[in-house]
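K.L.:
Sharing a model prediction with you, sequence too.
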Amino acid sequence: MSASEQLALFGCQETLAPRQLLQAGPLVVTYQDGRFGPMFVNGHEVWHGVAFLLRDAGWGTPATVVDEAHLCMDAQGFDLQLTAHIPCAATDVLGVWHPYARMNLDMRVKGDALGSVHFSVRATPTHDIQVNRCGWVLMHPLSAAGCAVEVTHGDGRTSHSKFPEEVPAWPPFTNLNSIRHEYAPGCWAQADLPGEDYELEDQRNNADASFKTYSRSNWMPRPFVLSQHQTWCRDIRLRIVDTATPLSPPKALSDTGWSSPLPPSQAGKFCLQLGLAIAPPTDRPPEPWLLEKLAQWRPAFLHLTLWQTTEWDTVDWSQVRLLLNAAQAKLRLDICGRNSPNLDWNSDDEASAHKLEKALAKAGVIPASVAALPCGKRAAKVLRTLFPASAIGGGTPHFFAQLNRLELRGNEDFMTFTVCPIVHSADDFSVMNGLQSLPSMLATARRRHPGSEWHLGPSGLGARASPFGRQPFSGGQKRMPLAMLDPRSRGLFGAAWLLGHMAGAAQSEVNALTLPALLGVNGLGWHAGDVFKATPSAALLEVCMQWQGVQSVVVNPIENSGHRLLNWPFAAIRGLGPLGGQILLANLTDQTQSLQWKLAGQWARMDAQSWLRYDGSQGVEPWINLGDCPVQLDLNPYAVALIDLPS
């Protein structure tokens, strides 16, 4: 892949280590740059991953740097020895910081012909460091949901249960030393995790499609100190108890590619409304091109988030009115308090809300919806009094985990949370695979908070804010967990993820979804003079922002793969545009995928090559017109197809 193609796909030229497949008897292990997984037996995903991780005092996950690697493979298995380190930030070092402050690691991973893999590590910090967690992390795949599991606890008890279908707010299994699960009917695998107090949590809480078993209980004090030069060792062992028979190919996959979607009449009937995030306007008037773009796109609403009461006094509400008039859109307003997630408003919050209402009234701005995040009975009562014409919302400005643990309710009209796929891991596969978790989130949320509409966002690849406080700095050139800026927002990868997120929201019957802002960190573009320079995500939205709502599309579902979107490895949405029905379909993988399209229409493709021709050129479209359907749709990595349906 050329440097320019890499930039078109990922928005950066970060060099990633190649993936390798390691064989341990029937178990195939994927290895890349210090991390292991997914792991398969005859096509069945047994474990989703293994890694030795450090979570710093701000719950960031600094990347492990592999310094040396020695791999031996034979017919019996493999033996991999790694010398590595994890850099430590100055804020986590007690005493005088040094640029080479780190956790040094000596790791050895051995796989044998019986399907057993032994992971061992010797860890030595160069300084006294504060961490929230440091140790082995084991992940089970989303396909384990509902499967039988046996857990052996530290006191010798064995509990028999199932992996949860809905998303539990807190760890369903604690104080565990081994976990045995049924990865295929009648076939079991076991993980032994001695020497630590391990817990298992559901990572769908943070938009990952997996279950995670981690060391050190959340009930223990944190952050805690790892002492300088004191070496400690940890081992875990995975083994296949029963070897499953080969997984038969999904019915939707033929020798020539994937089957075409169901007819449009069988597409989802629920319509998702799309809005755009906006930043609090300052004293500088909006650029004419911005007003023109809003007038062209006509989003259903503009979404303004106020994080602190100090922001409420600095907003130029006359400019908000200009933006709303240009877009002919409604206003959604989020008021994010400084209270902890389960504390209601106090008298200061109430006084600030009265000042806010007066400023809005003076500017002639009437919000269609107002959310207090979080929202209790007092906050809801105040907002209903001040904004009688507005829908009142509650929830969290952060991730589903915070919503799932929310106890306060104020009889709101709608509930909200945001989705960020890089809370724990920023690798490409985990980010895309995490799209599978959204339907489970919404099913759980509706059970916990019945009777409300659901509004999501603003959602994007980057974490616009962290509920833990500190975020790692990102210059936008590397993939980094929990970072505010993710370079892939500027590439085809970001467009494919965004389409997948819209597809999941439409499938889950979300009422409204807020997309990233036109400008700013992780924005849909930037301005060069009076010209809007688009990202691939913006080119995608040029199409669907003019639809009359977004519907989900069924591409024959794969029942035994563990994927919960209707159309993996694709994401597809449908809508009615000015010239008729259209379908947008994205390849969510880094491999070329083919789809046998059997319906009439015409299609075009946006991929790395078409984007390179378009970017910076006058009079060139980002889409390549490829003619009439029926046809085989060949989609390059993270490419998007646009299909115009006949009237």
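P.N.:
Received, thanks.
K.L.:
The residue lying closest to Asp644 once chain neighbours are set aside: what's it in contact with?
P.N.:
Counting by Cβ to Cβ, 6 or more residues apart in numbering, Asp644 lies nearest to Gln602, which is 4.8 Å off, once chain neighbours are set aside. To be clear about C-beta, it is placed using only N, CA and C from the backbone, and glycine gets the same treatment. The contact partners of Gln602, taken as Cβ atoms under 8 Å, 6 or more residues apart in numbering, are 625, 627-629, 643-644.
K.L.:
possible to save the residues you listed as TSV with distance to Pro281, neighbour count and pLDDT?
P.N.:
What follows is the contacts of Gln602, written out as TSV (distance: Cβ to Cβ, whole Å; neighbours: other Cβ atoms under 10 Å; pLDDT from 0 to 100):
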residue	distance to Pro281	neighbour count	pLDDT
Asn625	39	11	96
Gly627	45	8	95
Asp628	46	9	95
Cys629	45	19	93
Ile643	38	22	97
Asp644	37	19	96
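K.L.:
now, which of these sits nearest Leu138?
P.N.:
Ile643 (41.4 Å; Cβ to Cβ).
K.L.:
what about the residue lying closest to Ala148 once chain neighbours are set aside, which SS state?
P.N.:
If the residues on either side of it in the chain are set aside, Ala148 comes closest to Glu182, at 4.3 Å by Cβ to Cβ, 6+ apart. Per DSSP: H, G, I helix; E, B strand; the rest coil, the secondary structure class of Glu182 is strand.
K.L.:
Tally up the residues packed near Glu182, please.
P.N.:
Look at Glu182: counted by other Cβ atoms under 10 Å, it has 20 neighbours.
K.L.:
Quick check: bridge partners of it?
P.N.:
According to DSSP bridges, the partner residues bridging Glu182 are Trp188.
K.L.:
Which residue ranges of the protein form helices?
P.N.:
In order along the chain, the chain carries the following helices (DSSP state H): 3-10, 288-297, 309-312, 317-327, 347-363, 377-386, 400-404, 428-433, 438-448, 492-507, 536-544, 608-614.
K.L.:
which residues does the most centrally placed residue in the chain contact?
P.N.:
Nearest to the centroid of the C-alpha atoms of the chain, with distances taken as Cα atoms, centre = their mean, sits Pro421, at 1.8 Å. Under the criterion of Cβ under 8 Å, 6+ apart, the contact partners of Pro421 comprise 207-208, 430-431, 434-435, 461, 497.
K.L.:
Asn206 versus that one, what's the distance?
P.N.:
Between Pro421 and Asn206 the computed distance is 9 Å (Cβ to Cβ, to the nearest Å).
K.L.:
Can you check the distance spanned by stretch 470-480, start to finish?
P.N.:
For stretch 470-480, the first and last residues are 14 Å from each other (Cα to Cα, to the nearest Å).
K.L.:
Pull out the buried residues from that stretch.
P.N.:
By neighbour count, and taking 16 or more other Cβ atoms under 10 Å as the criterion, the buried residues in stretch 470-480 are 471-472, 474, 476, 479-480.
K.L.:
who touches it?
P.N.:
With Cβ under 8 Å, 6+ apart as the test, stretch 470-480 has contacts from 11-14, 57-58, 60, 62-63, 91, 422, 426-428, 462-463, 465, 481-488.
K.L.:
So the chain: which segments form each domain?
P.N.:
Here the chain is described, according to automatic domain parsing, as comprising the domains 16-240, 269-464+480-552, 559-644.
K.L.:
any idea how far the last one is from the chain center?
P.N.:
For domain 559-644, the gap between its own C-alpha mean and the chain's C-alpha mean amounts to 22 Å (Cα atoms, centre = their mean, to the nearest Å).
K.L.:
Run through the residues that contact the nearest residue to Leu53 once chain neighbours are set aside.
P.N.:
Spatially, and ignoring its direct neighbours in sequence, Leu53 is nearest to Val137 (5.1 Å; Cβ to Cβ, 6+ apart). Under the criterion of Cβ under 8 Å, 6+ apart, the contact partners of Val137 comprise 49-53, 212-215.
K.L.:
beta partners for Val137?
P.N.:
Beta bridges link Val137 to Ala51, Tyr214, judged by DSSP bridges.
K.L.:
For burial, what's the neighbour tally of the residue lying closest to Glu5 once chain neighbours are set aside?
P.N.:
Spatially, and ignoring its direct neighbours in sequence, Glu5 is nearest to Ala608 (4.6 Å; Cβ to Cβ, 6+ apart). Ala608 sits with 23 neighbouring residues when counted by other Cβ under 10 Å.
K.L.:
Could you do Leu356 as well?
P.N.:
If we define neighbours as other Cβ under 10 Å, then Leu356 has 23 of them.
K.L.:
do Ala641 as well
P.N.:
Counted by other Cβ under 10 Å, the residues lying close to Ala641 total 23.
K.L.:
Could you pull up phi and psi at the residue nearest to the centre of the chain?
P.N.:
Dihedral angles of Pro421 (phi, psi; degrees, to the nearest 10) stand at phi -90, psi 0.
K.L.:
ok so, going back, now the domains of the chain in TSV, with distance to Ser4?
P.N.:
Below are the domains of the chain laid out as TSV (distance: least, Cβ to Cβ, whole Å):
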stretch	distance to Ser4
domain 16-240	17
domain 269-464+480-552	11
domain 559-644	6
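K.L.:
wait, which of the ones you listed is closest to Met1?
P.N.:
Met1 lies closest, by Cβ to Cβ, to one member of the domains of the chain: domain 559-644, at 8.4 Å.
K.L.:
Check whether Val315 really touches Pro281, as I assumed.
P.N.:
Yes. Here Val315 lies in contact with Pro281, judged by Cβ atoms under 8 Å, at a distance of 6.5 Å.
K.L.:
Just the buried residues of stretch 369-380, please?
P.N.:
369-376, 378-380.
K.L.:
now, which of those residues sits nearest Phe532?
P.N.:
Top of the list for closeness to Phe532, among the buried residues of stretch 369-380 and by Cβ to Cβ, is Ser369 at 27.5 Å.
K.L.:
and the closest one, bridged to which residues?
P.N.:
With DSSP bridges as the criterion, the beta-bridge partners of Ser369 are Arg332, Ala391.
K.L.:
Before I go, just wanted to say thanks for your time.
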